[in-house]
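Student: Just a sequence and a predicted model for now, questions to come.
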Amino acid sequence: MDIRKVKKLIELLEESGVAEIEIHEGEESVRISRTSAAPVAPTYVQAPQPQPVAASAAATPEKTFSAAADEEPEIVGDLVSAPMVGIFYEAMAPGKPSFVELGQSVKKGDVLCIIEAMKIMNQVESEFNGVVSKIMVENGDPVEYGQPLFVIREQ
Amino acid sequence: MSKAMDKQQYLISRLADGNFHSGESLAEEMGISRAAVWKRIKTLSNYGLDVYSVHGKGHRLSRSLEILDTDKIVASLSDKFADSLKGLTVLPVLDSTNQFLYRQLNNDSFHAHVVVAEYQESGKGRRGNDWLSPYGSGICMSLGWHFQSTPASYTALSLATGVAVCRSLQRLGITNAGLKWPNDIISEGKKLGGILLESRSETAGCSDVVIGIGINVDLPEQVLNTISQAVTDTSKLTQQIISRNKLVGYLIEDLLHMLKEYQEHGFASCIQEWRQLDELKGRDADLILPNETLSGKILGIDESGLLLMLIAGESRSFSSGELSLRVHT
């Protein structure tokens, strides 16, 4: 689907009070939902995962949710979004290992992916230290400016 | 540079005149054995240099070679540009000029630094494709540039670079070279050069861009035959061997000039020129995307440099993809 069309749809959604729209066009379909984090809000709240909770809570004592860590902790992470329109690549080249895998530890400055637009191969760096807790796009997907790509959870 | 590389360079500089040099005299000049000379001659073949060795006569290159020279390149620059160039590194052999600059990313010497190599051991094209260029047969060059902005502000830089390269070629009298979106340099459908930009950015803030340029100057016939796509070089287009030092000088000037214009006015500074250089407008083509291939007619580019194609009666724009012309049978 034309990326401009998707952009239009997002604008349309933002202007309206609708929470979610789904469009089918031939074999393609796209669903746009307001419930996901917008690129302007860099904090992403993720569903609880069976991870070593105590460690993550201990590492982030200043965050308010850690008080409730005994019950069902909400794991808050930092969002890395696309700095430009283009194609998302998980590796330097086809057949090469991915820059990062789910669950991998990353440091600030590590390369997470490549976004290509018009033969500019742009390496996107992590701005955070932590663990890759979510990869929100597939290799070869077109991405929009500001589209969320990864969630990096503090350890 | 290592001592071994010094000797290798010396050997190449002696052979560059295209005349025969006996193994004995080379051995004596270099202070090594004849067997060691022979070993180094073999290495030159690995770089793609064509060395003839004739018993009783010695060794010679199949043709003379103008060696890249820092002083000659700097001498060809007008004062204005010599000042804005912050660094120039000329090396015989390198993994790739883009990689070289990438390793300087966090150094002060990155910005406005140009690297040129005679030979790249792992020359890079798009998405891991190789860029083949035998020793001394082309231009392998990269320029590092620091932007105080995010990549979204310079996506069309890739197209603007193509315009800058065409300007340099025009100054050498090559007026029949044009562009294939986004920035292949082509002439009569054959590839003359390629451009690959690599950048590193934080989600917010500044970015560093490496502009990599490869131009075929004088490719040996046997190499032309091994490259899968139709290629050409400046020798074929001008019927003479151009000075690579001069071309590097022109490229430095035109890149610095383009970057200045681009930072002031964006892609508007050269979009008209890009459109004039567009070789594929109106042609039927396939656009190869990572997950699909689309067929349609090329309409040109929009204001931001995106490719416009008419696909199934609808005009659509694309930020990525590889164009392949469709041959009508």
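Tutor: In hand now; what should we look at?

Student: how would you label whatever residue of chain A ends up closest to chain B: helix, strand or coil?
Tutor: At 2.4 Å from chain B, A:Ala93 is the closest residue in chain A, using CB to the nearest CB. From N, CA and C alone the C-beta is placed, and that goes for glycine too. Three-state assignment for A:Ala93 (DSSP: H, G, I helix; E, B strand; the rest coil): coil.

Student: give me the number of residues near it?
Tutor: 14 (other CB atoms under 10 Å in any protein chain shown).

Student: Please list the residues of chain B that sit near chain A.
Tutor: B:126-128, B:150-152, B:154-159, B:182-183, B:195-204, B:207, B:209, B:289-291, B:305-306, B:314, B:316-320 (CB under 8 Å from any CB of the partner chain).

Student: Can you list which of those are found in helices?
Tutor: Members of the residues of chain B next to chain A lying in helices (criterion: DSSP state H): B:157-159.

Student: Which phi and psi values does the residue lying closest to B:Ala112 once chain neighbours are set aside adopt?
Tutor: Among residues not flanking B:Ala112 along the chain, B:Lys86 sits closest, at 3.8 Å (CB to CB, 6 or more residues apart in numbering or on different chains). When read as degrees, to the nearest 10, the backbone of B:Lys86 gives phi -90, psi -20.

Student: Read off the pLDDT value for B:Lys86.
Tutor: Reported pLDDT at B:Lys86 in the predicted model: 91.

Student: Show me the helices in the stretch 1-150 of chain B, by range?
Tutor: B:3-15, B:23-30, B:34-46, B:70-75, B:79-84, B:97-102 (DSSP state H, counting those that start in this stretch).

Student: taking these together, which one is wrapped up most tightly?
Tutor: helix B:97-102 (a mean of 23; mean count of other CB atoms under 10 Å in any protein chain shown).

Student: pull the CA atoms of it into PDB?
Tutor: The C-alpha trace of helix B:97-102 is given here as PDB (Å, rounded to 0.1, in the frame of the first residue of the first chain):
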ATOM      1  CA  THR B  97      36.500   3.900   1.700                       C
ATOM      2  CA  ASN B  98      33.100   4.000   3.400                       C
ATOM      3  CA  GLN B  99      34.300   1.700   6.100                       C
ATOM      4  CA  PHE B 100      37.500   3.700   6.600                       C
ATOM      5  CA  LEU B 101      35.400   6.800   7.300                       C
ATOM      6  CA  TYR B 102      32.900   4.900   9.500                       C
END
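
Student: Average pLDDT for it, rounded please.
Tutor: 91.

Student: That helix - contacts with which helices or strands?
Tutor: Other elements packing on helix B:97-102 under the criterion 3 or more CB pairs under 8 Å, 6 or more residues apart in numbering or on different chains; DSSP states H and E are strand B:87-94, strand B:113-120, strand B:138-147, strand B:190-201, strand B:207-216.

Student: just checking, what packs against the second one?
Tutor: Using 3+ CB pairs under 8 Å, 6+ apart as the contact definition, the elements that strand B:113-120 packs against are strand B:87-94, helix B:97-102, strand B:138-147, helix B:244-265.

Student: count of residues packed around B:Gly194?
Tutor: 25.

Student: Hmm, B:Gly214 and it touching each other?
Tutor: Yes - using CB atoms under 8 Å, B:Gly194 is in contact with B:Gly214, at 4.9 Å.

Student: distance of the closest residue to B:Leu49 other than its chain neighbours from chain A?
Tutor: What sits nearest to B:Leu49 in space, not counting adjacent residues and going by CB to CB, 6+ apart, is B:Tyr135, at 4.7 Å. In this view, B:Tyr135 and chain A are 24 Å apart by CB to the nearest CB, to the nearest Å.

Student: next one: phi and psi at B:Tyr135?
Tutor: Dihedral angles of B:Tyr135 (phi, psi; degrees, to the nearest 10) stand at phi -40, psi 120.

Student: so it sits right up against B:Gly48, yeah?
Tutor: Yes - taking contacts as CB under 8 Å, B:Tyr135 lies within contact range of B:Gly48: 5.2 Å.

Student: shared neighbours of the two, anything?
Tutor: Residues touching both B:Tyr135 and B:Gly48 by CB atoms under 8 Å, 6 or more residues apart in numbering or on different chains: B:Tyr119.

Student: In terms of neighbours, single out the busier of those two.
Tutor: When B:Tyr135 and B:Gly48 are compared for neighbours, B:Tyr135 comes out ahead with 21 against 17, by other CB under 10 Å.

Student: what about that one, distance to B:Leu68?
Tutor: Here the criterion is CB to CB, to the nearest Å. By it, B:Tyr135 lies 11 Å from B:Leu68.

Student: what's the overlap in contacts for these two?
Tutor: B:Glu118.

Student: Where does the prediction get shaky in the stretch 1-150 of chain B?
Tutor: Low-confidence segments of the stretch 1-150 of chain B (pLDDT under 70): B:1-5, B:124-131.

Student: Ok, the stretch 151-300 of chain B next?
Tutor: Counting by pLDDT under 70, the stretch 151-300 of chain B contains low-confidence ranges at B:202-204.

Student: ok, now which ones touch the nearest residue to B:Ser304 once chain neighbours are set aside?
Tutor: Among residues not flanking B:Ser304 along the chain, B:Ala156 sits closest, at 5.9 Å (CB to CB, 6+ apart). Taking CB under 8 Å, 6+ apart as the criterion, B:Ala156 is in contact with A:118, B:266-267, B:271, B:304-305.

Student: what's near enough to touch whatever residue of the stretch 201-329 of chain B ends up closest to chain A?
Tutor: At 3.1 Å from chain A, B:Pro290 is the closest residue in the stretch 201-329 of chain B, using CB to the nearest CB. Going by CB under 8 Å, 6+ apart, B:Pro290 touches A:87, A:89, A:139-140.

Student: how close does it sit to A:Pro97?
Tutor: 17 Å.

Student: repeat for A:Glu144
Tutor: Separation of A:Glu144 from A:Pro97 (CB to CB): 26 Å.
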